[in-house]
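*Asks:* Quick one, structure for this:
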Amino acid sequence: MADIRSLHDAVGDLIHDGDTVALEGFTHLIPFAAAHEIIRQGITGLTLVRMTPDVVYDQLIGAGAARKLVFSWGGNPGVGSLHRFRDAVENGWPRPLELDEHSHAGMANRYVAGASRLPFAVLRGYRGSGIPGRTDTVATVTCPFTGEELAAVAALNPDVTVIHAQQADRGGNVQLWGLTGVQKEAVLAARRVLVTVEEIVDGALEPRPGSVVLPGWVIDAVAEVPGGAHPSYAAGYSVRDNDFYQEWDAVSRDRDTFARWLDDNVRKATR
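*Replies:* Alright, predicted model coming up:
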């Protein structure tokens, strides 16, 4: 059964220097509050994994928490580039960033293989792409039944997966609904799991159409963090802060402006 913890204690116990950490959520339910706690605790040397590293990873990279990024598409959605990400890749600031780039399909299949405890996944993809030449996590296999050559991608098994969800009960069972990405697969693939939630409810979780329920026995810790997805959103609890994403472009372009923002809004803040 998952333990209900404070965010500070859960991050401190579950996430360590040098870990491979996936913070998942597709536009919706992005675990920003947990990322900020990672920064506040000075955890570093992380391999960060995410299908769509957007502003949350721009912040972690700019804070110096990451040494490597495993990802597919990256950008500030609807706005433009991730400037702290670009600065790390192009100039090594605040530290050099190693990249392992994939397609969305490749990343999703890597999580599925990890969740299934298989060594790799097979898909049709990457043909004609330069990606296989830049990573050791893509190879080819020949189908034993048809002789077709297919792409193989190495399984992803993060040390820790962190997600945000709407609700958990007192037993640590978690329910999320709305626009979901690969949260379920990323949780099942991980060795340790932290879930932040909008609300811990008494009694049973109310069934909802299309919801995903993660049982407490696959989760290590749950932390109640209302608003923990901001500036993304949690369906039924909050709306997306579009102004923040627009404003982030100017904040993140300049190192000093970013550093002041980080000090004022993350390092000096508490959860």
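
*Asks:* show me the contacts for the residue nearest the centre of the chain.
*Replies:* Nearest to the mean C-alpha position of the chain, by Cα atoms, centre = their mean, lies L23 at 1.9 Å. The contact partners of L23, taken as Cβ atoms under 8 Å, 6 or more residues apart in numbering, are 30-31, 34-35, 48, 50, 56-57, 161-163. Yep, even glycine has a C-beta here, placed from its N, CA and C like the rest.

*Asks:* ok, 6 Å please
*Replies:* For L23, the contact set (Cβ atoms under 6 Å, 6 or more residues apart in numbering) comprises 31, 35, 162.

*Asks:* Apart from its neighbours in sequence, what residue is nearest it?
*Replies:* The shortest distance from L23 to any non-neighbouring residue, by Cβ to Cβ, 6 or more residues apart in numbering, is to V162 (4.7 Å).

*Asks:* tell me the phi and psi of P226?
*Replies:* Torsion angles at P226 (phi, psi; degrees, to the nearest 10) stand at phi -60, psi 130.

*Asks:* I'd guessed it sits against E198; true?
*Replies:* Yes. If you go by Cβ atoms under 6 Å, P226 and E198 touch, sitting 5.5 Å apart.

*Asks:* returning to what we had before: and the residue nearest to the centre of the chain, its phi and psi?
*Replies:* According to degrees, to the nearest 10, L23 has phi -110, psi 100.

*Asks:* Any idea what Q167 is bridged to?
*Replies:* Q175, E199 (DSSP bridges).

*Asks:* distance of G133 from R117?
*Replies:* Distance of G133 to R117, given as Cβ to Cβ, to the nearest Å: 29 Å.
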